[in-house]
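Colleague: Give me a model of this one.
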Amino acid sequence: MYHPRKNNLIYRFFSWYIEYIIKKDFASLKYNNIDIKANASILILANHFSWWDGFFIFYINKKFFKKQFHVLVNAENYGKVGFLKYLGAFAAAHTGKDVLGMLNYAGQLLDDKNNLVLIFPQGKLHSNHLKNITFEKGVMQIIKSSQKRLNIIFAATFVDYFSTRKPTAHTYLQNWESEEYMSLQLLKSAYNKHYDQSVVKQTQITE
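Modeller: Numbering: from 1, shown residues only. Next up is the predicted model:
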């Protein structure tokens, strides 16, 4: 398994750099405030449609949640985008037991109230125009591997240009109060309900 690495100098530089490129390439990044349990970690489930997605949530965490950022990526991106490991990225090096170990590791991260873990349940990049978000089975393994003292946050992000040269990104957040019995289907259904409601809000924006 590939673990995150710590280097405060690299982290501070890329923390500044991510904020810089978002402000440079976007008219704005907008998101809504939500209430969370302050003494619990955060698991964020987000749609995955662009190279920017992890950076959007990193920025929101820096400004709003203020937790230690972690993100599950694939082995290719972990190796190819060298600085990700210093921003909390982790990945499975191989299939099989290594994947299970990685999922259990993510669950253990969530046992620390200071941590935030970002997961893209689709597993791969998909269009921003999907009507339904699919979930890989590993999401439930992460939750089951934790002590379940966490905030489960749904994030749905959409990008539109409207009347400006640069696009505007909108991230819609929801703190989901989970049921006592949780299944992959229940989690997927709840996320897609939030996703559908977010699409409606996005289409109602006018300039």
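
Colleague: Show the backbone phi and psi for residue 25.
Modeller: phi -100, psi -10 (degrees, to the nearest 10).

Colleague: whoops, residue 44 was the one
Modeller: phi -100, psi 130.

Colleague: What pLDDT does the model give it?
Modeller: Confidence at residue 44, expressed as pLDDT, is 98.

Colleague: who are the neighbours in contact with it?
Modeller: Residue 44 makes contact with 57, 116-119, 153-155, according to Cβ atoms under 8 Å, 6 or more residues apart in numbering. Placement of C-beta: from N, CA and C, glycine included.

Colleague: Looking at these, which is nearest residue 166?
Modeller: Nearest to residue 166 among the contacts of residue 44 is residue 57, at 19.8 Å by Cβ to Cβ.

Colleague: Which helix or which strand is home to the closest one?
Modeller: helix 53-60 (DSSP states H and E).

Colleague: distance of residue 67 from residue 41?
Modeller: Distance, residue 67 to residue 41, by Cβ to Cβ, to the nearest Å: 7 Å.

Colleague: Look at the two and report which has more neighbours.
Modeller: Using other Cβ atoms under 10 Å as the criterion, residue 67 and residue 41 rank with residue 41 on top: 23 against 20.

Colleague: what are the phi and psi angles of the more buried one?
Modeller: Torsion angles, degrees, to the nearest 10, at residue 41: phi -70, psi 180.

Colleague: Show me the beta-bridge partners of it.
Modeller: Beta-bridge pairing for residue 41 (DSSP bridges): residue 150.

Colleague: same thing with the one 4 residues further on?
Modeller: Under DSSP bridges, the beta-bridge partners of residue 45 are residue 119, residue 154.

Colleague: I figured it was touching residue 138, is that so?
Modeller: No - Residue 45 is beyond contact range of residue 138, at 11.6 Å (criterion: Cβ atoms under 8 Å).

Colleague: neighbouring contacts of the host helix or strand of residue 199?
Modeller: According to DSSP H and E, residue 199 maps onto helix 184-203. Under the criterion Cβ under 8 Å, 6+ apart, residues 45, 47, 121, 132-135, 137, 139-140, 152, 154, 156, 158, 160, 170, 172, 174, 176, 178-179 lie in contact with helix 184-203.

Colleague: ok, back up a step: Serialize the contacts of residue 44 to JSON lines and add fields for distance to residue 207, neighbour count and pLDDT.
Modeller: Listed next are the contacts of residue 44 as JSON lines, based on distance: Cβ to Cβ, whole Å; neighbours: other Cβ atoms under 10 Å; pLDDT from 0 to 100:
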{"residue": "57", "distance to residue 207": "25", "neighbour count": "24", "pLDDT": "98"}
{"residue": "116", "distance to residue 207": "32", "neighbour count": "26", "pLDDT": "98"}
{"residue": "117", "distance to residue 207": "35", "neighbour count": "26", "pLDDT": "98"}
{"residue": "118", "distance to residue 207": "30", "neighbour count": "26", "pLDDT": "98"}
{"residue": "119", "distance to residue 207": "33", "neighbour count": "22", "pLDDT": "96"}
{"residue": "153", "distance to residue 207": "28", "neighbour count": "22", "pLDDT": "98"}
{"residue": "154", "distance to residue 207": "26", "neighbour count": "24", "pLDDT": "98"}
{"residue": "155", "distance to residue 207": "23", "neighbour count": "23", "pLDDT": "98"}
